[in-house]
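> Okay, structure incoming, though there's no sequence with it:
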């Protein structure tokens, strides 16, 4: 395993620990989702699942037709899974089902901002050192941090915009 893979793995483990911390913290407060939020989250899971299914079918077709040569097959599947989770999270944010009833957006904004910053720094480092591509293909080494940066940035922007919108609606 090269240094980039170890770094990407370390960052992913850090994200999982942060997610675990947030879920444990949420259990202590006994915060839950109301019925409407649960329905929206179920619809979000469905949309995320169908996104993954569609992208996997598209990927199989593209690999069979030799249309995709710029990414490794393993990274392509990883990207599809991360993209489908991102679609689910963004759907839930847009429909006010990401945070529980007593959820605090500030803690999520802080953690997601930290992930975006770290992944952005790692991606820039890979780009500067010319390590984004391995043998002409985007793999886990340079691709995972870049993908995580883009997906978490999309989530962060969506959460910021939704938080601002909700704040303005509450004032009115």
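Sure, I can see it. Only a predicted model underlies this, so the values are computations on that prediction, with no experimental measurement involved.

> ranges for the helices of the chain?
Applying DSSP state H to the chain gives helices spanning 3-28, 35-64, 73-94, 105-129, 140-171.

> could I get those as a markdown table with mean pLDDT and mean neighbour count?
Placement of C-beta: from N, CA and C, glycine included. Listed next are the helices of the chain as a markdown table, based on pLDDT from 0 to 100; neighbours: other Cβ atoms under 10 Å:
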| stretch | mean pLDDT | mean neighbour count |
| --- | --- | --- |
| helix 3-28 | 66 | 13 |
| helix 35-64 | 93 | 14 |
| helix 73-94 | 93 | 18 |
| helix 105-129 | 89 | 16 |
| helix 140-171 | 89 | 17 |
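
> Run a quick neighbour tally on residue 71.
Using other Cβ atoms under 10 Å, residue 71 is surrounded by 19 other residues.

> Please disregard the earlier target; I meant residue 138.
Summarising burial for residue 138: neighbours were counted as other Cβ under 10 Å, giving 19.

> In contact with the closest residue to it other than its chain neighbours: list those residues for me.
Nearest residue to residue 138, sequence neighbours excluded (Cβ to Cβ, 6 or more residues apart in numbering): residue 71, at 4.6 Å. By Cβ atoms under 8 Å, 6 or more residues apart in numbering, the contact set of residue 71 is 79, 137, 138, 139, 143.

> redo that, cut-off 10 Å
59, 62, 63, 77, 78, 79, 133, 137, 138, 139, 143 (Cβ atoms under 10 Å, 6 or more residues apart in numbering).
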